[in-house]
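# Give me the fold of what follows.
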Amino acid sequence: MSDDGFRSHLPWLVRFTFVRRFTVLVLLIAVLLAAIVASVAIGTRSLGVTEVWQALFDSSTEGTDAHGIVWDLRIPRTGLGLVVGLAIGAAGALTQGHTRNPLADPGMLGVNAGAALAVVAGVYLLGIQSPIAYMFFGLLGAVVAASAVFGLSALSGTSPLTLVLAGTGLSALLLAFTSAIVLTDTDSLETWRFWNVGATSGRSPDIFWSSLPFICIGLVLALASGFFLNVLSLGDDMTKALGSRVVVIRIVGVLAITLLIGAATAACGPIVFLGLVVPHISRAFVGPDYRWIIPYSAVLGAILLLVCDVIGRVVARPGELQVGVVLALVCAPFLIVMVRRRRLASV
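Just a heads-up that it's a prediction; the model follows:
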């Protein structure tokens with residue numbers, strides 16, 4: 001095909017690509033809605049479809065066990081799983097984009113380690129006990145750790161390599177402090193064990209409402225970063241030549257990651273592998289365009305978290321496996337398969 005013929009077909013190709021990507025995104029949102037319904041309908045205690053329907057829409061069922069299970073347990077848990085999945089998925093895409101590392105995880109920037117240390121220190125020094133207090137201290141620790149990582153990286157120009165090195169080094173230091181505390185204080189150890197497993201169960205609706213504003217702001221920043229991540233992938237020198245400010249882009253990116261992962265980790269504890277795997281699944285659908293990778297990763301993260309949460313409720317009845325455990329069991333083999341098949345796309 002001649003150059004003129006290719007140029008004449010280019011607008012059609014662009015429209016076709018947009019329609020295909022948008023259609024798949026709509027289908028994924030439909031799958032997400034199905035996962036939400038399943039999360040409300042399925043639990044460790046079996047409820048029939050009629051019981052769930054009546055509990056949702058029949059006011060005469062107030063005060064019954066089914067009404068309490070659906071409204072007080074499953075709906076808050078589903079809402080928390082939804083927003084946390086969106087947050088971790090989007091943050092995973094941002095992290096891999098900013099570090100240009102296909103094996104990068106949001107925890108690599110020290111956010112998880114900072115949140116863990118803050119929660120343990122709050123129990124050890126101040127005797128905090130409530131989930132809301134864990135939420136506040138976890139978010140504070142995540143913000144401080146991410147700020148420290150970016151500050152250390154800025155000393156060398158905020159390159160992808162220095163971000164990774166600063167985050168890895170600070171994470172090791174913070175985890176050492178956390179280990180020192182939990183090994184010397186029983187109360188801190190018990191709190192850390194409960195919080196560190198990564199779960200949506202046992203969280204009150206207050207946790208959902210407390211984390212929601214931070215996650216919403218982080219998602220807006222993440223979606224707005226897609227175009228600039230595409231520019232940044234050309235290299236810092238080319239980004240500057242095109243008139244974009246590398247430092248500003250990195251600051252906005254780290255802020256979005258901090259808000260998303262800080263709020264998600266503070267609410268549910270560290271949930272591993274999710275932010276690492278879903279960006280690779282997204283690239284299989286949309287290629288290297290971060291304008292699409294970020295929303296795809298957010299939706300896929302929510303789907304995967306909700307589905308794994310439902311699986312954890314079913315496989316160990318009358319008990320349950322926490323979602324962090326199920327995600328590790330599901331995502332680790334998937335990641336190994338991708339590595340063996342050399343499907344980890346360069347970023």
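
# Name the helix or strand for the nearest residue to Val272 once chain neighbours are set aside, please.
Nearest non-adjacent residue to Val272, counting by C-beta to C-beta, 6 or more residues apart in numbering: Ala328, 6.2 Å away. (Each C-beta comes from the backbone N, C-alpha and C, glycine too.) Assigned by DSSP states H and E, Ala328 belongs to helix 323-340.

# where exactly do the strands run in the stretch 201-347 of the chain?
Counting by DSSP state E, counting those that start in this stretch, the stretch 201-347 of the chain has no strands to list.

# What are the boundaries of the helices in it?
205-224, 226-232, 236-241, 246-268, 274-286, 290-315, 323-340 (DSSP state H, counting those that start in this stretch).

# will you turn those helices into a markdown table that also has distance to Pro131?
Below are the helices of the stretch 201-347 of the chain laid out as a markdown table (distance: least, C-beta to C-beta, whole Å):
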| stretch | distance to Pro131 |
| --- | --- |
| helix 205-224 | 6 |
| helix 226-232 | 34 |
| helix 236-241 | 42 |
| helix 246-268 | 9 |
| helix 274-286 | 21 |
| helix 290-315 | 18 |
| helix 323-340 | 16 |
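
# of these, which approaches Ala176 most closely?
Closest to Ala176 of the helices of the stretch 201-347 of the chain, according to C-beta to C-beta: helix 246-268, at 18.6 Å.

# Run through the neighbouring helices and strands of that closest one.
helix 75-99, helix 111-121, helix 131-154, helix 205-224, helix 226-232, helix 236-241 (3 or more C-beta pairs under 8 Å, 6 or more residues apart in numbering; DSSP states H and E).

# average pLDDT for that helix?
Mean pLDDT, helix 246-268: 88.

# Next: stretch 183-193.
80.

# Stretch 132-149 now?
On average, the pLDDT along stretch 132-149 is 87.

# picking up where we left off before, how big is the angle separating the helix holding Ala328 from helix 246-268?
140 degrees (axes from the mean of the first three to the mean of the last three C-alpha atoms, to 10 degrees).

# can you give me how far helix 323-340 is from the chain middle?
Put simply, helix 323-340 sits 15 Å off its chain's centre (C-alpha atoms, centre = their mean, to the nearest Å).

# Low-confidence regions, the stretch 201-347 of the chain specifically.
236-244, 341-347 (pLDDT under 70).

# Mind listing what's buried along the helix holding Ala328?
Val323, Gly324, Val325, Val326, Leu327, Ala328, Val330, Cys331, Leu335, Met338 (16 or more other C-beta atoms under 10 Å).

# next one: stretch 76-94
Result for stretch 76-94 [16+ other C-beta under 10 Å]: buried residues 76-94.

# Spatially central, which residue of this structure would that be?
Nearest to the mean C-alpha position of the chain, by C-alpha atoms, centre = their mean, lies Ile88 at 0.6 Å.

# hang on, the earlier thing: tabulate the helices and strands packed on helix 246-268 (a markdown table), appending distance to Ala34.
Compiled in a markdown table, the helices and strands packed on helix 246-268 are given as follows (distance: least, C-beta to C-beta, whole Å):
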| stretch | distance to Ala34 |
| --- | --- |
| helix 75-99 | 12 |
| helix 111-121 | 30 |
| helix 131-154 | 29 |
| helix 205-224 | 21 |
| helix 226-232 | 26 |
| helix 236-241 | 40 |
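
# now for the ones you listed, which one comes closest to Gly312?
helix 75-99 (10.8 Å).

# what's near enough to touch the closest residue to Arg291 other than its chain neighbours?
The shortest distance from Arg291 to any non-neighbouring residue, by C-beta to C-beta, 6+ apart, is to Gly226 (3.6 Å). By C-beta atoms under 8 Å, 6 or more residues apart in numbering, the contact list for Gly226 reads Asp289, Tyr290, Arg291, Trp292, Ile293, Ile294.

# What residue, apart from its backbone neighbours, is nearest the second one spatially?
In space, not counting the residues next to it along the chain, Tyr290 is nearest to Leu229; the distance is 3.9 Å by C-beta to C-beta, 6+ apart.

# Pull the distance from stretch 101-116 to the chain's centre.
Stretch 101-116 sits 11 Å away from the centroid of its parent chain (C-alpha atoms, centre = their mean).

# Ends of that stretch, what's the gap?
With C-alpha to C-alpha, to the nearest Å as the measure, stretch 101-116 spans 24 Å from end to end.

# Also stretch 235-255?
End-to-end for stretch 235-255, by C-alpha to C-alpha: 21 Å.

# With stretch 194-210 instead?
20 Å.

# gap between it and the chain center?
Between the centre of stretch 194-210 and the centre of its host chain there is 14 Å, according to C-alpha atoms, centre = their mean.

# Tell me the one among the buried residues of helix 323-340 nearest to Leu126.
Nearest member of the buried residues of helix 323-340 to Leu126, counting by C-beta to C-beta, is Gly324, at 25.8 Å.
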